[in-house]
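**Q** Need coordinates for the following:
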Amino acid sequence: MPPEPTPSEPEHPPPESAGPRPLHGDASSVDPGPHAMRPPSDDPAELLHRAALGDEDAFARLYDETAPQLFALIRRVVRDVAMSEEVLQEVYVEVWRQATRFDARRGSARGWLCTIAHRRAVDTVRSSEAARRRDSEDGLLTLEQQVVDVQEEGIMRVESGRVRSAMKALTTAQSEAIRLAYFGGYTHREVAALLDIPVGTAKTRIRDGMIVLRDRLGVTS
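**A** The predicted model follows:
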């Protein structure tokens, strides 16, 4: 019988282990691949997209990233700090509700946010001014506003038609200050804040305007 053939050695031995090896034995040099963890992005457009999907953490980061810029914009329009803070909160409520409407193809995320903030600020100013005008008109018709001394109280008790006529003799600055103080019910400090002038200037405009009104209406102490 012929001898049994002996098995031959494989030409290429199998690799010791499957998968890629790190170069030079350094594990840190391995490519982490496309699915490795990456730090979260602070891009407002991406944060808006995630907020639209209900991601509250992304919305909180969007607020931190953009609120200072929006507050500065609102403050320039509204001027009053407390009112500006209220408007800012209203803006982000609207952003949370309307985030799905943002379209990056039509503009930047910051531009979209600024548009909402500016519109809300302008609406607030218009509403506030309309309310003050209504208060002023009611004051001229009813003349039931409080005053700071007897002389001014006497003027406010004169019929509204004469008061309207006398008010035309005032300068724009005097008329504005008096309307806020006596028909709007604001204090001297509030008048100064609303007109963005020193308190002393507000008092001077009111005092000088009242002198003109007393002369026009013939009111004596």
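**Q** What sits closest to V91 if chain neighbours are left out?
**A** A117 (4.8 Å; Cβ to Cβ, 6 or more residues apart in numbering). (C-beta placed from N, C-alpha, C; glycine too.)
**Q** meant to ask about H118
**A** L73 (6.1 Å).
**Q** those helices in the chain, which residues are they?
**A** Under the criterion DSSP state H, helices of the chain are mapped to 44-52, 56-78, 81-98, 109-142, 150-156, 160-167, 172-178, 188-195, 199-217.
**Q** quick revisit: what's the neighbour count on the residue nearest to H118?
**A** 19 (other Cβ atoms under 10 Å).
**Q** where are the low-confidence patches of the protein?
**A** Low-confidence segments of the chain (pLDDT under 70): 1-41, 131, 133-161, 219-221.
**Q** For H118, give me its contacts.
**A** L73, I74, V77 (Cβ atoms under 8 Å, 6 or more residues apart in numbering).
**Q** what about it, distance to P68?
**A** Noted for H118: a distance of 15 Å to P68, by Cβ to Cβ, to the nearest Å.
**Q** what does V91 give?
**A** 13 Å.
**Q** These two: who's more crowded?
**A** Neighbours per residue (other Cβ under 10 Å) separate V91 from P68, with V91 holding more: 25 against 10.
**Q** so that one makes contact with Q69?
**A** No. Under the contact definition of Cβ atoms under 8 Å, V91 does not touch Q69, with a separation of 11.4 Å.
**Q** Relative to E85, which of the contacts of H118 is nearest.
**A** Checking those against E85 by Cβ to Cβ gives I74 as the nearest, at 8.6 Å.
**Q** I'd say that closest one and I116 touch.
**A** No. I74 lies out of contact with I116 (Cβ under 8 Å); the separation is 10.4 Å.
**Q** shared neighbours, these two?
**A** V91.
**Q** more neighbours, these two?
**A** With neighbours defined as other Cβ under 10 Å, I74 and I116 compare such that I74 has more, 25 against 17.
**Q** Pull the contacting residues for that one.
**A** Counted by Cβ under 8 Å, 6+ apart, I74 has contacts S84, V87, L88, V91, A117, H118, R120, A121.
**Q** how near is the fourth one to D64?
**A** Relative to D64, V91 is positioned 14 Å away (criterion: Cβ to Cβ).
**Q** Then the second one?
**A** Computed as Cβ to Cβ, the V87 to D64 distance reads 18 Å.
**Q** try A193
**A** 29 Å.
**Q** Who has more neighbours out of these two?
**A** Neighbours around A193 and D64, counted as other Cβ under 10 Å, are more numerous at A193. The numbers are 17 against 11.
**Q** Could you find the closest non-adjacent residue to that one?
**A** D80 (6.8 Å).
**Q** could you dump stretch 59-78 to CSV, C-alpha only?
**A** Below are the C-alpha coordinates for stretch 59-78, written out as CSV (Å, rounded to 0.1, in the frame of the first residue of the first chain):
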residue,chain,number,x,y,z
PHE,A,59,-34.4,74.9,24.1
ALA,A,60,-32.8,75.8,27.4
ARG,A,61,-29.4,76.0,25.6
LEU,A,62,-31.0,78.1,22.9
TYR,A,63,-32.2,80.6,25.5
ASP,A,64,-28.8,80.8,27.1
GLU,A,65,-27.1,81.3,23.7
THR,A,66,-29.5,84.0,22.4
ALA,A,67,-31.3,85.7,25.3
PRO,A,68,-28.7,88.5,25.9
GLN,A,69,-28.9,89.6,22.2
LEU,A,70,-32.7,89.5,22.2
PHE,A,71,-32.9,91.4,25.5
ALA,A,72,-30.7,94.2,24.2
LEU,A,73,-32.9,94.5,21.1
ILE,A,74,-36.1,94.6,23.1
ARG,A,75,-34.6,97.0,25.6
ARG,A,76,-33.8,99.5,22.8
VAL,A,77,-37.4,99.5,21.7
VAL,A,78,-39.3,99.2,25.0
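**Q** Alright, that wraps it up for me.
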